[in-house]
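K.L.:
The sequence isn't on hand, but the structure is:
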């Protein structure tokens, strides 16, 4: 499969962008010329210079540094969110598919209530209840998106469970957990990765939306959505302060989306040529 | 003895009405014999095989193993049933997990149902491959890479791995090429003589049933309509439907 | 001497990547209202030959050499626009699994009428009535029920007859059938073959691909025994199957008879 990924231009581009964003997030302290929250009122709205490669914002903070650290904020939130979503989705999705009965009905029923609401609304409501803070953002997004992940895994699991090799495995003495670990997860994993990847993109956008709305993160945090919010006032005088974070959000989300979608194409069962 | 006693199974059809997939079927099976269940698709034979294997419960009647009804509740019960009664499915390819190697595929029933040390497991797997006429090197191949005939043989090896007393073959030779079909049937006959296990051979191909079995049962619309000890003389089949099947296969 | 409807000359097919010879130098001809049976096991090249005739081989994946003439036109050289003149029109195809060939969400009558309209300019009602007549000519009596059923409500055998009726309604001159009896039980197999013979009586030529010797015997006509892409033996069906010359044919016939005791 790795070979197929190399051959697909979209996958390579997407993967490249992902690696870029991850590298930036990890290496931000080394790459950034200044601390991201170093306020300097005398230096506000400076044009790009040797000292400040992308200039400064309305509080004299280095724009480039803030953008680089912004990658940390976005990924630092998006990845834990997806790991939690993936975990909950896999476990609940597999269990409802395998156990069936009342357990399936109850969990699916609850998930349908959650799916009825747009994710942002649920997330905003949770933040409203829990208050601001990094952990609360994570919980808010996870609670708003778990139902979709669970239903997805459940559908895939149910499809696999109908297959002959599962019957053969059951007759060979496999119990539920053996079926899940040895058969279901390996066969579902590729499709799951597709949704994991596009899910990261969604999470990045959701987190940015949050900080744009002023929810969740402490004000002044170097985060792209927050930067967008703050730059609104300077729309006409310094539009570049809106464009930079916008491009960053775009690149990050695009990278994960491109890779995820390309992965889905790669995994599509090839039309039998013969 | 494995006995199907007055078993019926009903399902809800699309029109929400109950329909009888299997109606009051009784089929006693003694060890060491080969039984054939012949019928067209939709006659209920696959449903019956699922009931015998304990994958589903009958609506009424019982499946008795050595006098005790087989139970689907409890891990130990299910394992005991699986050790005694095994299954070979129709589609050799879809009966195998494409991610597994041949070794892992045959090892699965051994690891789940038997408690034997790794060396014995290994020996058993290679012994089975040998009996199936497959070279040792196939053990490391992924099941998805094998030919149809090889996949079929791996399926049979899996069923034999735990030395079950009863093996149910659910349309196991359907759709096979003529030459492969004959070689698999010959293999099955040889294996039964060696293992002395009991076969329930379910098929719509009556000529294969007549080749393999000691006792023939004909099923139509969920009911057994004729059951005969097979002695080589086609005249013993009296039922008009059975005769129709024989005529369609150009045997009479 | 009837006119040759279909002429296949030195047909060779190879998979390009990775390179693999699939069909090597096959030649045969089919007369109007005649029957040719491609008989072989899996991997014999019979399905590939059939697909080449139906124009279903992607030129980027397959290398096709040789010639296929239908009504004196070269099928391999047909341009995109010209395909509609032959395929679905004079040449009809009955696939192995008819269920997958039809739209599961639409009624049979509607689908078939629409299909007929692709090639003949008829009002919807006319097309439906034309198809209904074809269903009766195919020997089906419950026509109203069939027209208003969806594919999954009918059996495989029944769907096959619907497709055969479509060929009749479309005035096909050649029907290509891929393993038409493989999915059917022994009892339905004979009935299915009767359907094809009936088609032949109506003036349609048959090209059947199968691995079933009984079907070949029942249909009759000209049979080609294929092995690994090559033709091993050919001739009149009754002759070849009664007195085979090639060792391979003998081996196959030997394997069919299981015997008992």
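P.N.:
Noted; the coordinates are in hand. As the structure is a prediction and not an experimental result, all values here were calculated from the model.
K.L.:
near chain C, which residues of the stretch 151-252 of chain B?
P.N.:
B:175, B:177-182, B:185, B:204-208, B:210-211, B:230, B:232, B:244-245, B:248-250 (Cβ under 8 Å from any Cβ of the partner chain). All C-beta spots, glycine's among them, are computed from the backbone N, C-alpha and C.
K.L.:
which helix in the chain runs the most residues?
P.N.:
As the question left the chain open, I've gone with chain A. helix A:63-99 (DSSP state H).
K.L.:
right idea, wrong chain: chain C
P.N.:
helix C:186-201.
K.L.:
re the thing from before, the residues of the stretch 151-252 of chain B next to chain C in helices, which ones?
P.N.:
Counting by DSSP H, these contribute B:178-182, B:185, B:206-208, B:210-211, B:244-245, B:248 to helices.
K.L.:
Which one of the residues you listed is nearest to residue B:224?
P.N.:
residue B:245 (13.8 Å; Cβ to Cβ).
K.L.:
What about the nearest residue to that closest one once chain neighbours are set aside, how many residues nearby?
P.N.:
With sequence-adjacent residues excluded and distances taken as Cβ to Cβ, 6 or more residues apart in numbering or on different chains, residue B:245 is closest to residue B:206, at 5.1 Å. Residues within reach of residue B:206, counting by other Cβ atoms under 10 Å in any protein chain shown, total 21.
K.L.:
Kindly give the local confidence score, pLDDT, for residue B:206.
P.N.:
pLDDT recorded at residue B:206 is 91.
K.L.:
surely it meets residue B:244?
P.N.:
No: using Cβ atoms under 8 Å as the test, residue B:206 is too far from residue B:244 to be in contact (10.3 Å).
K.L.:
Can you show me the helices along chain B?
P.N.:
Under DSSP H, chain B gives helices at B:45-52, B:75-84, B:102-113, B:118-131, B:148-160, B:178-195, B:206-212, B:240-248.
K.L.:
residues from the stretch 151-274 of chain A in reach of chain B?
P.N.:
Counting by Cβ under 8 Å from any Cβ, the residues of the stretch 151-274 of chain A near chain B are A:163-165, A:167-175, A:178, A:182-183, A:186-187.
K.L.:
For ChimeraX, write the select line for the buried members of those residues.
P.N.:
Entered in ChimeraX, the line below selects the buried ones among those, by 16 or more other Cβ atoms under 10 Å in any protein chain shown:
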select /A:163,164,165,167,168,169,170,171,172,173,174,178,182,183,187
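K.L.:
Surely residue C:132 touches residue C:142?
P.N.:
No: with contact defined as Cβ under 8 Å, residue C:132 does not count as touching residue C:142 (11.1 Å).
K.L.:
neighbour-wise, which of the two wins?
P.N.:
Taking neighbours as other Cβ under 10 Å, residue C:132 and residue C:142 compare with residue C:132 leading, 20 against 10.
K.L.:
Distance of that one relative to chain A?
P.N.:
35 Å (Cβ to the nearest Cβ, to the nearest Å).
K.L.:
For that residue, which non-adjacent residue is closest in space?
P.N.:
residue C:143 (5.1 Å).
K.L.:
Report how many residues lie close to the one you found.
P.N.:
17.
K.L.:
Any chance of the backbone angles for residue 179?
P.N.:
Here I'm looking at chain A. phi -60, psi -50 (degrees, to the nearest 10).
K.L.:
oops, I was thinking of chain C
P.N.:
Dihedral angles for residue C:179 - degrees, to the nearest 10 - are phi 50, psi 60.
K.L.:
correct me, but it touches residue C:192?
P.N.:
No: contact criterion Cβ under 8 Å: residue C:179 and residue C:192 do not qualify, at 10.9 Å.
K.L.:
quick one, what contacts the closest residue to chain A within the stretch 101-250 of chain B?
P.N.:
Nearest residue of the stretch 101-250 of chain B to chain A, counting by Cβ to the nearest Cβ: residue B:112, 3.2 Å away. Taking Cβ atoms under 8 Å, 6 or more residues apart in numbering or on different chains as the contact definition, residue B:112 lies against A:172-174, A:178, B:79, B:82.
K.L.:
buried ones in the longest helix of chain C?
P.N.:
C:186-190, C:192-193, C:195-196, C:198-200.
K.L.:
just those residues that are near chain B?
P.N.:
Applying Cβ under 8 Å from any Cβ to the buried residues of helix C:186-201, those adjacent to chain B are C:186-190.
K.L.:
could you redo the residues you listed as JSON lines and give each row pLDDT?
P.N.:
JSON lines is the format used below for those (pLDDT from 0 to 100):
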{"residue": "C:186", "pLDDT": "79"}
{"residue": "C:187", "pLDDT": "79"}
{"residue": "C:188", "pLDDT": "79"}
{"residue": "C:189", "pLDDT": "83"}
{"residue": "C:190", "pLDDT": "81"}
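K.L.:
Which of these sits closest to residue B:61?
P.N.:
Out of those, the member with the shortest distance to residue B:61 (by Cβ to Cβ) is residue C:187, at 28.3 Å.
K.L.:
so what's the closest residue to that closest one other than its chain neighbours up against?
P.N.:
Nearest residue to residue C:187, sequence neighbours excluded (Cβ to Cβ, 6+ apart): residue B:248, at 4.6 Å. When contacts are counted by Cβ under 8 Å, 6+ apart, residue B:248 touches C:185-187, C:189-190.
K.L.:
Enumerate the residues of the stretch 101-250 of chain C near chain B.
P.N.:
So far as Cβ under 8 Å from any Cβ goes, the stretch 101-250 of chain C lies against chain B at C:182, C:185-190, C:211, C:213-214.
K.L.:
thinking again about what came up before, of the contacts of residue B:248, just say which sits nearest to chain A.
P.N.:
Nearest to chain A among these, with distances taken as Cβ to the nearest Cβ, is residue C:185, at 20.6 Å.
K.L.:
thought the closest one was touching residue B:43?
P.N.:
No: the pair formed by residue C:185 and residue B:43 falls short of the contact definition of Cβ under 8 Å, at 9.4 Å.
K.L.:
Neighbour count: these two, which is higher?
P.N.:
For residue C:185 versus residue B:43, neighbours defined as other Cβ under 10 Å are more numerous around residue B:43 (23 against 19).
K.L.:
where does the stretch 1-150 of chain A dip in pLDDT?
P.N.:
Within the stretch 1-150 of chain A, the ranges that satisfy pLDDT under 70 run A:1.
K.L.:
just the helices in it please.
P.N.:
Along the stretch 1-150 of chain A, counting by DSSP state H, counting those that start in this stretch, helices occupy A:2-7, A:9-31, A:63-99, A:101-115, A:119-130, A:134-161.
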